[in-house]
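# model this:
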Amino acid sequence: MSLNKKLFKVLNSKILQGILIANIFAFLVIGIQSSLAPKDTGILVFSEFVIIPMLMGIITAWFWKDIEIRGKQITGYSILNGLIAILMSFFFLGEGFICLLIVSPLIFGFIISGAFIGRAMFKKRNQKLNISIGSLLLGIFIVDSLSDHYHENMVSDEILIHASTAEVWQHVVAFDPISQKENYWLFKIGMPSPMATTVSEHKLGANRKCIFSNGYIFDEKIVKFDVNKNLIFDIVDQPKDPEIMGHIDIKRGQFILKDNGNGTTTLIGNSWYNLHVFPTWYYDLWAESITRNVHFRVMEHIKLLSER
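Now for the predicted structure:
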């Protein structure tokens with residue numbers, strides 16, 4: 001059989017039907033859930049990244065139950081299923097490329113898991129068991145969708161600077177544009193990175209702006225101004241961006257300067273944020289990593305300016 005005939009056979013088989021129906025199901029459920037959820041919360045729940053992909057895999061397994069298909073083929077077609085879901089999210093839900101890159105391991109992992117679970121379910125042809133598993137997953141989805149979700153975290157990092165606290169303080173309150181190339185791989189592929197900070201006045205209550213590489217600006221207000229020791233600022237407005245920023249609220253930032261008594265300063269950077277994507281056991285790993293790399297990009301620049 002020629003390659004074209006093989007491809008034609010696949011495209012007209014239950015394999016493609018299962019993939020299409022699974023994606024239609026997922027978008028219908030997400031659409032219904034979004035219409036019932038409070039507006040402008042930006043919260044994406046555990047079920048959207050775990051239960052729905054798993055159900056997508058089970059749906060495809062039902063369509064494939066009478067087809068002789070090997071484990072490698074199930075994995076390959078499930079990856080195709082996930083790619084279609086990710087592309088639809090990009091074009092129809094407005095999610096950013098980096099955001100989808102971060103979520104893709106969950107999508108692929110649980111679609112593949114669902115396909116193998118479904119394969120085992122439908123081989124046994126136990127209708128009661130199948131209905132029970134499907135009902136359990138839908139029940140978890142409903143409860144999760146209707147539950148309150150809140151997660152706050154604080155990330156802290158420090159760096160040693162060979163300069164006095166007075167010298168370091170000059171570059172903590174505001175600093176000139178960063179010229180160093182990005183080291184963090186997410187910054188390299190397009191995630192906005194911090195570039196400069198400006199301040200209206202060097203005093204308590206002053207307005208501060210953190211400018212990112214794509215022109216986005218975080219508006220801040222200084223709420224503690226302890227010269228040469230402690231700077232705390234609240235984020236009063238932040239950009240909404242499909243690349244992460246729409247799913248996390250940065251609430252507060254802080255720089256603590258510790259005089260080590262030998263002409264050096266330990267600079268500590270703290271950030272507080274609320275995460276709006278779940279499960280936190282997965283997304284908080286990414287949020288912490290991104291926050292730490294923002295810290296170190298800024299603090300290494302402060303170190304460079306202070307030690308000159």
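# domain parsing for this protein?
Taking automatic domain parsing as the reference, the chain has its domains at 3-146, 151-307.
# will you turn these into TSV that also has mean pLDDT and mean neighbour count?
The way it works is simple: take the backbone N, C-alpha and C, and place the C-beta from them, glycine included. Converted to TSV, these look like this (pLDDT from 0 to 100; neighbours: other Cβ atoms under 10 Å):
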stretch	mean pLDDT	mean neighbour count
domain 3-146	83	17
domain 151-307	93	17
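# So Leu257 sits against Ala166, correct?
No. If you go by Cβ atoms under 8 Å, Leu257 and Ala166 don't touch, sitting 9.2 Å apart.
# where do the helices sit along this structure?
3-11, 14-36, 46-49, 51-63, 71-92, 97-124, 127-146, 165-173, 185-188, 280-307 (DSSP state H).
# what's the offset of the third one from the middle of its chain?
Helix 46-49 has its C-alpha centroid displaced from the chain centroid by 13 Å (Cα atoms, centre = their mean, to the nearest Å).
# try stretch 213-222
20 Å.
# how far does it stretch from start to finish?
22 Å (Cα to Cα, to the nearest Å).
# just stretch 29-45 next, same as before
Chord length of stretch 29-45, first to last residue, is 13 Å (Cα to Cα).
# Need the overlap of contacts for Leu257 and Ala166.
With contacts taken as Cβ atoms under 8 Å, 6 or more residues apart in numbering, Leu257 and Ala166 have Asn228 as neighbours in common.
# The nearest residue to Ile21 once chain neighbours are set aside and Val29: what is the separation?
Once flanking residues are discounted, Ile21 sits nearest to Ile59: 6.0 Å by Cβ to Cβ, 6 or more residues apart in numbering. Applying Cβ to Cβ, to the nearest Å, the value for Ile59 to Val29 is 11 Å.
# Report the separation between Ala206 and Ser200.
With distances taken as Cβ to Cβ, Ala206 is found 5 Å from Ser200.
# same deal with Ile107?
Distance of Ile107 to Ser200, computed by Cβ to Cβ: 44 Å.
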